[in-house]
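K.L.:
have a look at this prediction, sequence included:
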Amino acid sequence: MRRWMLGLLAGLCMSAGLPGVAPAAEEPPALAARVAAGGLPPLARRLPDRPLKVQTESEAAYGGELRLLIGTPKDLKLLFVYGYARLVRFDRDYQIVPDIVERFEVTEGRIFTFHLRKGHRWSDGAPFTSADFRYWWEHVANNPELSPAGPPPLLLVDGEVPSVETPDAWTVRYRWSKPHNLLLPDQAGAAPTMLYRPAHYLKQFHPAFTEPQKLAALAKAERRRSWAALHNAKDSMYVMDNPDLPTLQPWRLAVAPRGQVQVFEAQRNPYFHRVDQRGRQLPYIDRLNLVLASPAVIAVKTSTGEADLQARYLNFDQYTFLKKNERLAGYRVYLWSTAATAAVALYPNLTTSDPVMRSLLQDRRFRLALSRAIDREEINKILFYGFGVPGQIVVFRDPTLQQVDLRIANARFDLAEANRLLDEMGLTARDARGFRLRPDGKRLDIIVETAGESTEQTDVLELVADTWAQIGVELLIRPSQREVLRRRIFSGEAVMSVGVGGGEFGLPTPDLSPGWLAPVSEAHPQWCQWGLYFESNGRRGQPPELPAAQRLVELYRRWLVSTERAERARIWAEMLEINAEEVFMIGILGGTLQPVIVANGLRGVPEKGIYAWDPGAHFGLYSPDTFYWQGGRR
């Protein structure tokens, strides 16, 4: 049964990256005037000695702006996510390759050496060197006022912090006594643990480099309660809402968000480290305009041509509406795969505080009965126009391969079998309406909790309720705010929840973490208390009670320290098989599609792509710095 998974996961190798190129003399036209006036160094002095060479379309041209609709100022983080400049990054085959760093070496899976690009500069022209890593490690990550909990958990290996070395200006080395298989995938992620900061800028807000009186005055002027609060506010590497903070991304925010600002402009980074095959500095597009709008109207605004590139806040059930306005509004509608293992999934809370329901949910027969009583084909046909892939939460690359058998092994619609399993458990008593009774005599109803943000989820639940009623189980829907829902799941009040299924990414490699398949995080709604126990090293939560869950933890621990790629592939295979057999998550449909709106004239955006958060950073995988307007202007 594992053969297909081993074939899927094995045999992919880490790339060493592309060689640099000598910079060409051509200036991006938007910067030419500043260079001529002496306000900006010429291109040869702005690029690293060996910039990253990227292959782009031969007719690509400079110029123009790109409009994206955002639902909240917090979406300014898309400048970082979509910009996708990382120490290392995923290429389109999901191999980890150099990006900001010129090259990297991994020794024994535990020593990571990053070689920076000589001459690389921050967006304000200051050198980017190992001093920026040293500043973050010594003065941020290990400063008790800025980081009360200490260095980020990602940097701990069995509680051990790394030895951080900066032997010269262009070399950074992290060393542990054990392998650390999570480090590189994290660094290539949509929201990585950032190991560096622009020290030359942030030192003015740190008492180790600035006089206390001056620092106190700065904090008071910014209405911050302390120097640490001021430093944290200025240090917005991910959120990117501080235009004064230098960045390494292709675009930087021009003006801070204040008052009733509705359009946030981001301008090109004149020191960006990537060039095309002709030596022209990227990005091609000069400006991004992030236009604020209510999430509820973003689809409508998109349909009238108010966005040039849009996927965020668009759902598949809006595809027909968007397609209808395609020609009039001047855009194309692409359908990208989400690579989601389940577009909609049910999470039985195996650690719920209700002892009766906990006992039922921990019985595999009960979970299997609920899975067998879902008519996935009907849901796919009615709600997803047949585009979904019905079945459990397992990875997939091509749904015609052997993994289809694993995906549907415990997901075939079979009401007779579902009823037989429940009868076998002794749940034979029913009330006057025909619903089964729990062992304590109460009606067997299951409240499925939802964040209430997706009509798609509600529609699915209503169809599931119809078929569950036929096995004597009543499904009730309880919507609540997302934060309230999370609290109820973590506290054990919730019995079951609905959401996007398990691992968002269904095309893994052995180098990507299989953590979503094991009870190793409180964030996993099917076993949050077991996950908390793992995360807290046994100080909080509860240890896994089921042997299969215990085995998953054991396998995950082994993956963390394995230095053999073939072994990591075998671990992935066994963890997937256990999850499919045990039905810890009840997947309904996977592989659904994401509408992507691309304005006429915008080029470089692939017609077929994968819209995934991690790995991929949504558009980031496809390098928006290489997108361009046909003819150079819009």
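P.N.:
That came in fine, so what should we check first? Numbers count the residues shown, from 1 in each chain.

K.L.:
in the chain, where is pLDDT below threshold?
P.N.:
Residues of the chain meeting the criterion pLDDT under 70: 1-25, 396-405, 453, 500-505, 634.

K.L.:
one more time with 80
P.N.:
Flagging of the chain using pLDDT under 80 yields the residue ranges 1-25, 259-261, 340, 342-343, 394-407, 452-455, 500-508, 591, 632-634.

K.L.:
and the longest helix along it, what does it pack onto?
P.N.:
Ranked by residue count, the top helix of the chain under DSSP state H comes out as helix 565-582. Secondary-structure packing of helix 565-582 (3 or more CB pairs under 8 Å, 6 or more residues apart in numbering; DSSP states H and E): helix 3-9, helix 403-408, helix 547-561. C-betas here are computed from N, CA, C, even on glycine.

K.L.:
swap in 7 Å and give it another go.
P.N.:
Judged by 3 or more CB pairs under 7 Å, 6 or more residues apart in numbering; DSSP states H and E, the packing partners of helix 565-582 are helix 3-9, helix 547-561.

K.L.:
what secondary structure does the closest residue to P185 other than its chain neighbours sit in?
P.N.:
Once flanking residues are discounted, P185 sits nearest to L512: 5.5 Å by CB to CB, 6 or more residues apart in numbering. Here L512 is recorded as coil under DSSP: H, G, I helix; E, B strand; the rest coil.

K.L.:
L512 contacts D186, doesn't it?
P.N.:
No - the pair formed by L512 and D186 falls short of the contact definition of CB atoms under 7 Å, at 10.5 Å.

K.L.:
okay, the two: which has more neighbours?
P.N.:
The residue with the greater number of neighbours, taking L512 and D186 and applying other CB atoms under 10 Å, is L512; the counts read 25 against 20.

K.L.:
buried residues in the longest helix of the chain?
P.N.:
Neighbour-count burial for helix 565-582, counted by 16 or more other CB atoms under 10 Å, picks out 565, 568-582.

K.L.:
look up how far T302 lies from the residue nearest to P185.
P.N.:
32 Å (CB to CB, to the nearest Å).

K.L.:
circling back to that earlier point, which members of the buried residues of helix 565-582 are the farthest-apart pair?
P.N.:
R565 and E582 (26.3 Å; CB to CB).

K.L.:
quick one: the strands in the stretch 351-500 of the chain, in order.
P.N.:
Counting by DSSP state E, counting those that start in this stretch, the stretch 351-500 of the chain forms strands over residues 389-390, 445-450, 474-479, 496-501, given from the N-terminal end onward.

K.L.:
now the stretch 51-200 of the chain
P.N.:
Counting by DSSP E, counting those that start in this stretch, the stretch 51-200 of the chain has these strands, from start to end: 52-54, 65-70, 88-90, 96-98, 101-107, 111-116, 163-168, 171-175.

K.L.:
paired strands for the fifth one, with orientation please.
P.N.:
When you say that, I think you mean strand 101-107. Strands adjacent to strand 101-107 in the sheet, as given by DSSP bridges, are strand 111-116 (antiparallel).

K.L.:
what's the answer for the first one, then?
P.N.:
Paired neighbours of strand 52-54 in the sheet (DSSP bridges): strand 274-276 (parallel).

K.L.:
next secondary structure element downstream of the partner strand?
P.N.:
For strand 274-276, the following helix or strand on the C-terminal side (DSSP states H and E) is strand 287-292.

K.L.:
burial count for N537?
P.N.:
9.

K.L.:
ok, now how distant is the nearest residue to it once chain neighbours are set aside from L79?
P.N.:
Take N537 and drop its neighbours on the chain: the residue closest to it by CB to CB, 6+ apart is G159, 7.2 Å away. As judged by CB to CB, G159 and L79 stand 35 Å apart.

K.L.:
neighbour count winner among these two?
P.N.:
Taking G159 and L79 together and counting by other CB under 10 Å, L79 has the greater number of neighbours (23 against 7).

K.L.:
hmm, L248 and that one touching each other?
P.N.:
No - using CB under 7 Å, L79 and L248 do not qualify as a contacting pair, with a distance of 11.6 Å.

K.L.:
so who does W122 touch?
P.N.:
When contacts are counted by CB atoms under 7 Å, 6 or more residues apart in numbering, W122 is found next to F128, P198, P246, L248, Y271.

K.L.:
excluding chain neighbours, what is closest to it?
P.N.:
Taking CB to CB, 6+ apart as the measure, W122 lies nearest to P246, with 3.6 Å between them; neighbours along the chain are not counted.

K.L.:
what's the burial count for that neighbour?
P.N.:
Using other CB under 10 Å, the number of residues around P246 comes to 22.

K.L.:
what sits against it?
P.N.:
Residues near P246 by CB under 7 Å, 6+ apart: W122, S123, D124, A126, P198, Y201.

K.L.:
please identify which of those is nearest to T455.
P.N.:
Each of the contacts of P246 was checked against T455 using CB to CB; the closest is S123, at 41.1 Å.

K.L.:
quick check: the residue lying closest to that closest one once chain neighbours are set aside vs A573, distance?
P.N.:
Here the nearest residue to S123 in space, its sequence neighbours aside, is N269; by CB to CB, 6+ apart that works out to 4.4 Å. Using CB to CB, N269 is found at 42 Å from A573.

K.L.:
what segments of the stretch 201-350 of the chain are helices?
P.N.:
Defined through DSSP state H, counting those that start in this stretch, the helices belonging to the stretch 201-350 of the chain, from first to last, are 212-221, 227-234, 298-303, 319-324, 326-329.

K.L.:
out of these, which is closest to V344?
P.N.:
helix 319-324 (16.4 Å).

K.L.:
residue contacts, the nearest residue to P543 once chain neighbours are set aside?
P.N.:
Leaving aside its sequence neighbours, P543 sits nearest to Y533 (CB to CB, 6+ apart; 5.3 Å). By CB under 7 Å, 6+ apart, the contact list for Y533 reads R540, G541, Q542, P543.
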